[in-house]
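Novice: The following block contains a protein sequence and its predicted model.
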Amino acid sequence: MRHTIEIEHLSFAYPDGRQALLDVSLTIAPGEKTALVGPNGAGKSTLMLHLNGILRATTGMVRVCGLDLRESNLGRIRAAVGLVFQDPDDQLFSPTVFEDVAFGPLYQGLAETDVRARVDQALAAVHMGDYAQRVSHHLSTGEKKRIAISTVLSMQPEILVLDEPTAGLDPRARRGFINLLRELSQTMFVSTHDMRMVREIFPRMVIMDEGRIVADGPTHQLMNDTMLLEAHGLERP
């Protein structure tokens, strides 16, 4: 079976010399929903930024949808990996929601009718079909996060990579967002501190600490290992 994400012995250091990743190896199968957890500074966001080439490995290998992460494959990999940042304002920059969601398909060179169809499908998938002509920056945080997801869904990615998707949401918006993530069919790799969400919708959990993967297994098993969780700054929900 072809894995959607393959990482082998990945290490990375920032220009200031800080070692952020140390010999990380990980595979994620098509359709798998995996949570990435760990304390702040564990390397979670750094790892995610390697999945579409924003950062490049110091040593090791990253392969996405069968494609090695190299310059000649970047366009195809970035179309396959929908990366959603923690702060939706990092992804919403157009005057209207429609223009934000249409940006990717337009960049791909699709015809206007195809772009409109992609936008309609992406907004419907996040239950925001009536928001096309709204101004993105006038929306609530929860609404912005949904629109940020739709901007990558319009590219029809195979993989969704999300960084702290429920951060900053009130309880009602958080519940709606969890239900949305449950509905989406893509392979999903999500970095989060929301351990209740992890327990609820992610069958697999990967724990990182100090740049390394320290545990990887079924969520229900790792959640029951109180000593493991405490050792890496995590709390059982």
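Specialist: Great, that's in hand.
Novice: Pull out the buried residues from the lowest-mean-pLDDT helix or strand in the chain.
Specialist: None of the helices or strands of the chain scores lower by mean pLDDT, DSSP states H and E than helix 74-80, at a mean of 90. Of all the residues in helix 74-80, those buried under the rule 16 or more other C-beta atoms under 10 Å are 77-80. Any C-beta I mention is one placed from the backbone N, CA and C, and that applies to glycine too.
Novice: what helices or strands is that helix leaning on?
Specialist: strand 67-68 (3 or more C-beta pairs under 8 Å, 6 or more residues apart in numbering; DSSP states H and E).
Novice: who's in contact with the strand it packs on?
Specialist: The contact list for strand 67-68 (C-beta atoms under 8 Å, 6 or more residues apart in numbering) reads 61-62, 73, 76-77, 80.
Novice: chain center to it: distance?
Specialist: With C-alpha atoms, centre = their mean, to the nearest Å as the basis, strand 67-68 stands 19 Å off its chain's centre.
Novice: quick one: contacts of the helix or strand where residue 162 lies?
Specialist: In this assignment (DSSP states H and E), residue 162 forms part of strand 159-163. Contacts to strand 159-163, defined as C-beta under 8 Å, 6+ apart, come from residues 4-5, 28, 44-45, 48, 51-52, 64-65, 80-86, 149, 152, 181, 184, 186-192.
Novice: Which of those are buried? Put it as a PyMOL command.
Specialist: In PyMOL, this line selects whichever of the contacts of strand 159-163 come out buried by 16+ other C-beta under 10 Å:
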select buried, resi 4+5+28+44+45+48+51+52+64+65+80+81+82+83+84+85+86+149+152+181+186+187+188+189+190+191+192
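Novice: Among the contacts of strand 159-163, which ones are in strands?
Specialist: Residues of the contacts of strand 159-163 located in strands (DSSP state E): 5, 28, 64, 81-84, 187-191.
Novice: Buried residues, stretch 129-142. List them.
Specialist: Going by 16+ other C-beta under 10 Å, stretch 129-142 has these buried residues: 131-132, 136, 139, 142.
Novice: In those, find the pair that's most separated.
Specialist: 132 and 142 (17.6 Å; C-beta to C-beta).
Novice: contacting residues for residue 4?
Specialist: 28-30, 32, 64-65, 158-159, 187.
Novice: do the same with residue 129
Specialist: Counting by C-beta under 8 Å, 6+ apart, residue 129 has contacts 120, 123.
Novice: On the pLDDT front, check it for me.
Specialist: If you check residue 129, the pLDDT there is 95.
Novice: Please apply the same query to residue 1.
Specialist: pLDDT, residue 1: 49.
Novice: Over to residue 85?
Specialist: 92.
Novice: again with the one 4 residues further on
Specialist: On the pLDDT scale, residue 89 is placed at 91.
Novice: hang on, it in a helix?
Specialist: Yes - residue state for residue 89 (DSSP: H, G, I helix; E, B strand; the rest coil) corresponds to a helix.
Novice: I am finished for the moment; much appreciated.
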